[in-house]
Structure formats: structure tokens, C-alpha cells
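Below are the sequence and a predicted model for it; my questions follow.
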Amino acid sequence: MAHMVDRMMYSGLVPWHGLGDYQKEITFEDARKVLCNVSERPITFMSADNGDVPVEGYKAIVRDDTGAALCVQKESYGTLQYIDQLDVLNAAAGDGALRLKTVGLLDGGRQAFALADIPSAQFEVAGSVVLPYLLMSTSHDCSRLLRYLFTGTYVVCANTVAAALHNAGIGAKTRYIPNVIQIKHTSRAYERVTVAKELVAQARAYFGTFNEVALRLVNQRISFADMTRLTAQLFPITDAQAETFKKYGEESSSHKAQAKVLRLFSGDQRARENAPGTKWAAYNAVTEYIDHHTAPRGQTARAVAESRFQRIMFESGAKVREEALSLLLAA
């Protein structure tokens with residue numbers, strides 16, 4: 001993300017940006033210390049005749065610990081504390097087996113995130129363990145909805161596989177369970193979170209479905225020619241880029257992306273020992289390129305790392321991954 005990490009805590013591997021405090025085990029009480037609470041305050045302005053005049057229909061959202069104003073919202077905005085949003089993660093495991101791995105604040109407290117794993121839902125694909133994770137992403141400044149996103153981590157080769165199946169009603173037709181639950185901040189937000197707790201309990205069902213999808217990809221081979229056509233669809237070369245390459249031999253970002261993904265598929269990827277020549281290897285070649293070989297935005301190492309995370313989970317990277325999965329399953 002383009003915003004700085006305010007504070008965070010992690011358990012297990014050191015975050016890629018090297019920030020945060022390490023805890024052997026993160027409890028919800030620990031998370032409470034990281035996440036800030038907020039309060040609603042009335043907004044007024046100074047009038048030459050009447051002194052402080054209230055601004056009707058609006059309120060300020062203020063951090064309780066620092067007193068900093070995070071944003072101005074309409075009265076209809078439902079102020080839902082971060083810790084209460086985090087509590088939804090506890091419903092994902094049902095039997096209490098969920099473990100928090102990271103939790104943090106971004107942009108002065110305007111945004112928050114938490115990542116938890118669900119050990120009881122892990123499975124194995126082509127000799128590698130996929131450990132299910134559930135990411136919470138939220139904000140107090142309307143920069144994003146409250147989201148709960150199911151993802152998977154390729155533990156053996158350390159290649160993050162954000163196995164994002166299509167959002168409900170978004171993208172190509174699909175019969176698979178969506179991996180994102182989105183909740184708007186409204187005056188009925190608490191009611192919506194209650195509903196979300198019931199939906200999040202489907203995490204095991206989601207990963208069970210993804211396991212079936214992964215095994216389907218493992219058992220289907222894909223030729224180099226078909227892989228070449230796949231990369232051309234995922235990273236299309238425009239007429240202008242093709243003309244420039246023809247005239248000056250200068251490769252565009254699309255040329256480079258196609259070439260890199262093909263090299264990864266041909267044996268250069270971290271998961272090269274797992275089902276080579278299959279659609280699973282093709283999918284992992286695409287995800288490794290997105291996660292580790294694209295150039296994120298940012299002037300500092302911290303900004304670059306946060307930009308990478310944003311792109312992988314929510315922006316262009318997520319869209320390319322979803323399109324790759326759709327094309328591989330449709331073929």
C-alpha cells in the first residue's frame with residue numbers, strides 16, 4: 001500500500017518489509033493493543049455571528065489513543081471498531097483452531113489488516129502443503145470496504161498463492177465458492193457482521209473446493225504452445241508495443257511478462273518440482289511472476305513492500321490470477 005505501517009505484530013516468518021514486533025503467539029488481547037479504537041465527534045465551524053455552528057449530517061472519526069482525526073463521514077456511516085471486525089476471524093475455525101499471524105495499522109490508523117491461518121483446513125497438492133489463510137482488510141476512511149479474503153500459502157516453496165476464486169457476480173461465469181466477503185460501513189454494520197460470521201464459517205468448504213480445483217489442474221497437462229497462448233491473453237501486446245518492438249527491438253512490459261512467465265513454467269519457478277508441465281505448474285508460474293517478479297511502486301523499501309502487497313491482494317495482480325485460473329479451468 002502507498003501508506004506507511006503505523007504499527008504491527010507478527011508470528012512466524014518475518015514480514016517482507018522487516019517491520020513489526022514478533023510474538024511467538026498472537027492472542028486477541030495482543031491484537032487489541034495493536035488496533036486502535038475510534039470515537040465519533042460532532043463537527044462545528046466558527047461563525048462570525050453565532051460562534052460554533054454544528055455541521056448537520058456529518059461527523060468526525062477520531063482515534064482514541066492519539067486524538068487524531070482520521071476522516072469526516074456522513075451520519076449514516078457505521079463506526080465499527082477494528083477489534084470487533086477482527087472478531088469475525090474467530091468464527092472461521094469454528095472449533096477455535098484459528099491462529100493470528102499478523103495484525104497491523106496503516107496510514108495513521110485509517111486502515112487495518114489481520115492475517116490468520118486455519119490449520120485444520122490445510123491440504124496437500126502435488127506434494128506441497130497449502131495452508132489456508134484468512135485476511136481481514138478494512139478502513140475507517142472509506143478507502144475500502146470491510147473485506148474477509150480467503151487465500152492460500154504455498155508453504156514448502158514459500159510462494160504465496162493468493163488463490164482467489166471469483167467474487168460473487170464478478171468476472172467470468174463460475175460455479176465455485178467466492179473467496180471475498182465484503183461489508184459496507186453503514187449504521188447496520190454490526191448486523192451485517194453477524195451475518196458475515198455465518199458466512200466465514202464456510203472457509204473449510206471454500207478450501208475444500210479449491211483443493212478439488214487444484215487437483216484438477218494437477219491432473220491436466222498443458223503444452224508449451226498452449227502456455228504461450230495463455231500468456232498472450234493474460235499480458236496482451238498492443239499494436240503500438242508491437243510496432244515499437246518491430247522498429248527498435250525494444251521490449252514492452254507485456255513482452256517481458258510473457259517471456260518471464262514462460263521461463264517460470266519451463267522450470268525456472270520455485271515450484272518446479274511439483275507437477276511440471278501441468279496446468280497447476282502453469283497457474284503457479286503466473287502467481288510467482290505476480291508475487292515476486294513485477295516492479296511495485298514506491299520511493300522507499302517500505303513503500304515498495306506495501307505497494308506489492310496491495311497489488312497482489314487487491315489490484316491488477318489479483319485480477320490476472322483470477323483470469324489465469326478461469327482460462328485454465330475453461331480449456
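Sure, I can see it. Numbering: from 1, shown residues only.

residue boundaries of the helices in the stretch 151-300 of the chain?
189-200, 203-218, 224-234, 239-248, 253-263, 279-288 (DSSP state H, counting those that start in this stretch).

how about CSV for those, with mean pLDDT and distance to Glu322 added?
Bear in mind the C-beta positions are built from the backbone N, C-alpha and C, glycine included. Listed next are these as CSV, based on pLDDT from 0 to 100; distance: least, C-beta to C-beta, whole Å:
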stretch, mean pLDDT, distance to Glu322
helix 189-200, 65, 20
helix 203-218, 79, 12
helix 224-234, 95, 11
helix 239-248, 88, 24
helix 253-263, 91, 16
helix 279-288, 89, 10
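
Would you tell me which one of the ones you listed is buried the most?
Neighbour counts (mean count of other C-beta atoms under 10 Å) averaged over each of those peak at helix 279-288, with a mean of 27.

ok, back up a step: same list (the helices of the stretch 151-300 of the chain) but as TSV, adding distance to Cys36.
Formatted as TSV, these follow (distance: least, C-beta to C-beta, whole Å):
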stretch	distance to Cys36
helix 189-200	17
helix 203-218	27
helix 224-234	40
helix 239-248	46
helix 253-263	39
helix 279-288	33
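
lowest average confidence, helix or strand, in the protein?
strand 159-161 (a mean of 24; mean pLDDT, DSSP states H and E).

got the buried residues for stretch 121-130?
Residues 121-123, 125-126, 128, 130 are the ones in stretch 121-130 that count as buried (16 or more other C-beta atoms under 10 Å).

Now the two most distant members of those.
Pairwise distances across the buried residues of stretch 121-130 peak at 18.1 Å for Ala121 and Ala126 (criterion: C-beta to C-beta).

related to what we said a few turns ago, which of the buried residues of stretch 121-130 fall within strands?
Under the assignment DSSP state E, those contribute 123, 125, 128, 130 to strands.

And those residues, which is closest to Gln182?
Nearest member of these to Gln182, counting by C-beta to C-beta, is Val130, at 23.9 Å.

The closest one contacts Pro119, doesn't it?
No. Counting by C-beta atoms under 8 Å, Val130 does not reach Pro119; the two are 11.7 Å apart.

What residue spans form the domains of this structure?
As recorded under automatic domain parsing, the domains making up the chain are 5-36+79-213, 220-330.

Those: lowest mean pLDDT?
Among the domains of the chain, domain 5-36+79-213 carries the lowest mean pLDDT, a mean of 70.

and the end-to-end length of that domain?
35 Å (C-alpha to C-alpha, to the nearest Å).

Show me what the one helix or strand Pro132 maps to is packed against.
Assigned by DSSP states H and E, Pro132 belongs to strand 128-139. Where contact means 3 or more C-beta pairs under 8 Å, 6 or more residues apart in numbering; DSSP states H and E, strand 128-139 is packed against helix 82-86, strand 111-117, strand 123-125, strand 146-154, helix 203-218.

Just after the first one, pick out the following helix or strand.
Meaning helix 82-86. Trace forward from helix 82-86 with DSSP H and E and the next one is strand 99-106.

same for that following strand, what does it pack against?
By 3+ C-beta pairs under 8 Å, 6+ apart, strand 99-106 packs against strand 5-10, helix 28-34, strand 111-117.
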